[in-house]
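*Asks:* What follows is a predicted protein model with its sequence.
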Amino acid sequence: MPNYIRPKVPGANIFFTVTLAERSTDLLVREIARLREAVRVTKAERPFAIEAWVVLPDHLHCIWTLPEGDCDFPTRWRLIKSRFSRGLPKGPLRASHRHQQERGLWQRRYWEHHLRTPADHAAHMRYCWQNPVKHGFVARPDAWPYSSIHRDIAAGRYDP
């Protein structure tokens, strides 16, 4: 089994891509309230700031800022994924899923990228905003309902 080495940078800004195991489903948007609740509860227990978030049918992208002195994003993702999955039918389970007591809904890993410069941060914000357009769900980023772009437009932070 691979041994992933993740940077341990307290207070970091991190871009994530998190994907369902089944890529042809609409589970995340169909169960958007469940996902929002999983994030809300986890954020209340283990605070972090949400800089950007976009939910697509089978994956999501987001940018978090962790609190000063805290670099534990893996626990936050474990909690969000498990809270979302509870009460949903299990996906196809392999022996490794059963051994880890997983429900087989999420891809095991996720992609993270520590944002180190303002330009890198701005590029990943635009990536979150544009992703529904890239995938052909909408013609304009603000037409996608499951995006933090609406908050950013209202706050004057949207820079196309």
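*Replies:* Cool, got the structure.

*Asks:* Now the element after the biggest helix by length in the chain, going C-ward?
*Replies:* Secondary structure assigned by DSSP state H gives helix 118-134 as the longest helix of the chain. For helix 118-134, the following helix or strand on the C-terminal side (DSSP states H and E) is helix 149-154.

*Asks:* same question for that following helix, mean pLDDT?
*Replies:* Across helix 149-154, pLDDT averages out at 94.

*Asks:* Which strands or helices does it pack on?
*Replies:* If contacts are counted by 3 or more C-beta pairs under 8 Å, 6 or more residues apart in numbering; DSSP states H and E, helix 149-154 sits against helix 118-134. Bear in mind the C-beta positions are built from the backbone N, C-alpha and C, glycine included.

*Asks:* Residue 110 - how many residues pack around it?
*Replies:* One way to gauge burial is a neighbour count; for residue 110, by other C-beta atoms under 10 Å, it gives 16.

*Asks:* now swap in the one 4 residues further on and tell me
*Replies:* Residues contacting residue 114 under the criterion other C-beta under 10 Å number 13.

*Asks:* How much space separates it from residue 151?
*Replies:* Between residue 114 and residue 151 the computed distance is 23 Å (C-beta to C-beta, to the nearest Å).

*Asks:* For the protein, which segments are assigned as helices?
*Replies:* Here the chain has its helices, by DSSP H, at 27-30, 32-45, 73-85, 95-100, 118-134, 149-154.

*Asks:* centre of the chain versus stretch 153-160, how much separation?
*Replies:* For stretch 153-160, the gap between its own C-alpha mean and the chain's C-alpha mean amounts to 21 Å (C-alpha atoms, centre = their mean, to the nearest Å).
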